[in-house]
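**Student:** Pasted the sequence and its predicted model underneath.
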Amino acid sequence: MTSTMSRLGAMMFLQFFIWGAWFVTLGTYLVQGPLQASASQVATAFLSQSIGAIVAPFLVGLIADRYFAAQRILAVLHILGAVLMWGASVATTFDTFAACVMGYMLLFMPTLALANSIAMRHMQVPEKQFPPVRVAGSVGWIIAGVLIGWLGWEQSHRLELTFRMAAGASLLLGLYAFTLPHTPPLERARNASLGQILGLDALRLLKSRSYLVFFLASIAICIPLSFYYNFTNPYLNDLGVRGAAGLQSLGQVSEVLLMLAMPFLFARLGVKAMLALGMAAWVLRYALFAYGDAGAGFALLVGGIVLHGICYDFFFVTGQIYTDAHAGPAARSSAQGFITLATYGVGMLIGSFLSGAVVEHYTTAAGRDWQHIWLFPAGVALVVLVAFLFLFRDKPASAAVAPSH
């Protein structure tokens, strides 16, 4: 079993190393690289993640879960993805680049669910065995960021190499996936209805007022979240921060540390306090970014990045726990798929369009007015927080901590 866990950990490491190798610095490459993309074009490239998240249930649920072994689908998707990543690295026009990235994310986003499925299917006690395996993924993301910073690709304007690094790692994982434990389709997946596959049977959860408030708040809070993913790296590089991608990996370090403390915190604070603290952390993070700089205000930048653990774990992981408790065993999987589609799909899709428009609005010939740019998502997050505090009413719940995505 230890050998199996190590193999699954290696899978997770590569899975998130690939994502962290290019996604963090994508905005900087588009803005400062040879494509000289506008803020709206940056947003268009990032929304490929949201479209991939929306399409993923169709691909995994309708094809992979019904007809093919999960590890073989994982292998094929990553090998095809390697080709598209390499294509993105040599694209000379934004349209060609965007097509490669869109195609890639349509292939990559389903692999997140596939990797989780492969891991959990080969665990006797997933709630205890999965977190250490999933942490290997966070380590992979961290190492990718540190490596980019150490190699100095941001300062030397060689960020096209990040796509080639991701392509190499994707090819490696594709070949490695063929050696993973056999994970055939489940009989219940073959017989599942389209509604169950897409998580539509989880719509009944919205009959609960408290869950409806949580659901809408989850979509709304993903709007300011898009600003962080899309424009933090260009912002840090605009300020002249060296090794910005490596610095951003501190966010994943805090995520891992807080994940270990989640059982203790959740049992003592309860659902509402955890969710509210997560949203409040987004307000604080963007305020710190608005007033930080590469000089005397550098500590504010670091503080905003380190807050990622609270921003992500307190809201998204607590939300997974809350959803699990409301759904019950029968609708657990479909409910998790439903909330993921709503947040990473719908919420971040809206956020990607809005973030590009806001950055363009505050961009002049003199450059970007980052203070006003960051105050905008801070204000959105504050409105969501206040509305949540007034409208959300629910009894404290306790549950085992769910793994992050």
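**Tutor:** On my side now, so go ahead.
**Student:** rest of the way, CA atoms for contacts and neighbours
**Tutor:** Will do.
**Student:** what is the rounded mean pLDDT of the helix or strand where Ala273 lies?
**Tutor:** In this structure, Ala273 sits in helix 250-291 according to DSSP states H and E. Mean pLDDT, helix 250-291: 87.
**Student:** just stretch 28-44 next, same as before
**Tutor:** On average, stretch 28-44 scores 91.
**Student:** For it, list every residue counted as buried.
**Tutor:** In terms of neighbour count (16 or more other Cα atoms under 10 Å), stretch 28-44 has its buried residues at 28-33, 37-44.
**Student:** picking up where we left off before, not counting its own residues, what contacts the next helix or strand after the helix holding Ala273?
**Tutor:** Once helix 250-291 ends, the next helix or strand along the chain (criterion: DSSP H and E) is helix 298-306. Residues lying outside helix 298-306 but in contact with it, judged by Cα atoms under 8 Å, 6 or more residues apart in numbering, are 247-248, 250-251, 253-254, 284-286, 288-289, 291-294.
**Student:** How about helix 298-306, which residues are buried there?
**Tutor:** 298, 300-306.
**Student:** Check what pLDDT Arg66 gets.
**Tutor:** 67.
**Student:** any idea how this structure splits into domains?
**Tutor:** 1-192, 197-398 (automatic domain parsing).
**Student:** show me the contacts for Ala280.
**Tutor:** 381-382, 385.
**Student:** would a markdown table of these with secondary structure, distance to Met11 and neighbour count be doable?
**Tutor:** Shown next, in a markdown table, are these (DSSP: H, G, I helix; E, B strand; the rest coil; distance: Cα to Cα, whole Å; neighbours: other Cα atoms under 10 Å):
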| residue | secondary structure | distance to Met11 | neighbour count |
| --- | --- | --- | --- |
| Ala381 | helix | 35 | 26 |
| Leu382 | helix | 38 | 19 |
| Leu385 | helix | 37 | 23 |
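**Student:** ok, of the residues you listed, which one's closest to Ile51?
**Tutor:** The closest of the contacts of Ala280 to Ile51 turns out to be Ala381 (Cα to Cα; 22.9 Å).
**Student:** hang on, isn't the closest one packed against Ile221?
**Tutor:** Yes: under the criterion of Cα atoms under 8 Å, Ala381 makes contact with Ile221 at 6.1 Å.
**Student:** And the strands in the protein?
**Tutor:** 363-364, 367-368 (DSSP state E).
**Student:** Given the last one, what are its sheet partners and their directions?
**Tutor:** Right, the one you point to is strand 367-368. Strand pairing for strand 367-368, determined by DSSP bridges: strand 363-364 (antiparallel).
**Student:** Quick one: mean pLDDT for the strand it pairs with?
**Tutor:** 90.
**Student:** how big is the angle separating the helix holding Ala273 from helix 298-306?
**Tutor:** Calculated by axes from the mean of the first three to the mean of the last three Cα atoms, to 10 degrees, helix 250-291 forms an angle of 130 degrees with helix 298-306.
**Student:** okay, and for the stretch 301-405 of the chain, where does confidence drop off?
**Tutor:** Applying pLDDT under 70 to the stretch 301-405 of the chain flags residues 324, 328-334, 336-337, 395-405.
**Student:** one more time with 80
**Tutor:** Applying pLDDT under 80 to the stretch 301-405 of the chain flags the ranges 317, 320-321, 323-341, 394-405.
**Student:** one step back: and for Ala381 and Ile221, which residues touch both?
**Tutor:** Met279.
**Student:** OK, contacts around Leu147?
**Tutor:** Gly246.
**Student:** Can you read off the pLDDT for it?
**Tutor:** 94.
**Student:** ditto for the one 4 residues further on
**Tutor:** The pLDDT attached to Leu151 in the predicted structure is 93.
**Student:** and the gap between Leu151 and Gly145?
**Tutor:** 10 Å (Cα to Cα, to the nearest Å).
**Student:** So those two - more neighbours on which side?
**Tutor:** Gly145 (28 against 12; other Cα atoms under 10 Å).
**Student:** Just list the residues touching the spatially closest residue to that one that is not a sequence neighbour, thanks.
**Tutor:** Leaving aside its sequence neighbours, Gly145 sits nearest to Gly246 (Cα to Cα, 6 or more residues apart in numbering; 4.5 Å). By Cα under 8 Å, 6+ apart, the residues touching Gly246 are 142, 145-150.
**Student:** Let's see that with 10 Å instead.
**Tutor:** With contact taken as Cα atoms under 10 Å, 6 or more residues apart in numbering, Gly246 is in contact with 24, 142-150, 152.
**Student:** Likewise for Ala56?
**Tutor:** Neighbour list for Ala56: 50, 62, 105-114, 198, 337, 341, 345 [criterion: Cα under 10 Å, 6+ apart].
**Student:** Just those: which are in helices?
**Tutor:** 50, 105-114, 337 (DSSP state H).
**Student:** Same list (those) but as TSV, adding neighbour count.
**Tutor:** Below are those laid out as TSV (neighbours: other Cα atoms under 10 Å):
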residue	neighbour count
Ser50	25
Met105	26
Leu106	22
Leu107	23
Phe108	26
Met109	24
Pro110	24
Thr111	23
Leu112	17
Ala113	20
Leu114	22
Gly337	21
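**Student:** one step back: could I get the pLDDT score of the residue nearest to Gly145?
**Tutor:** 88.
**Student:** any idea how far it lies from Leu258?
**Tutor:** Distance from Gly246 to Leu258, by Cα to Cα: 19 Å.
**Student:** Ok, Val384 next?
**Tutor:** In terms of Cα to Cα, Val384 sits 23 Å off from Leu258.
**Student:** So if I had to pick from the two, which one is more boxed in?
**Tutor:** A count of neighbours by other Cα under 10 Å puts Val384 above the other of Val384 and Leu258, at 21 against 18.
**Student:** who touches that one in this structure?
**Tutor:** 216-221, 276, 279-280, 283, 378.
**Student:** From Val24, how far off is it?
**Tutor:** 26 Å.
**Student:** cool, Ala43 as well?
**Tutor:** Taking Cα to Cα, one finds Ala43 at 13 Å from Val24.
**Student:** And for Tyr344?
**Tutor:** Distance from Tyr344 to Val24, by Cα to Cα: 16 Å.
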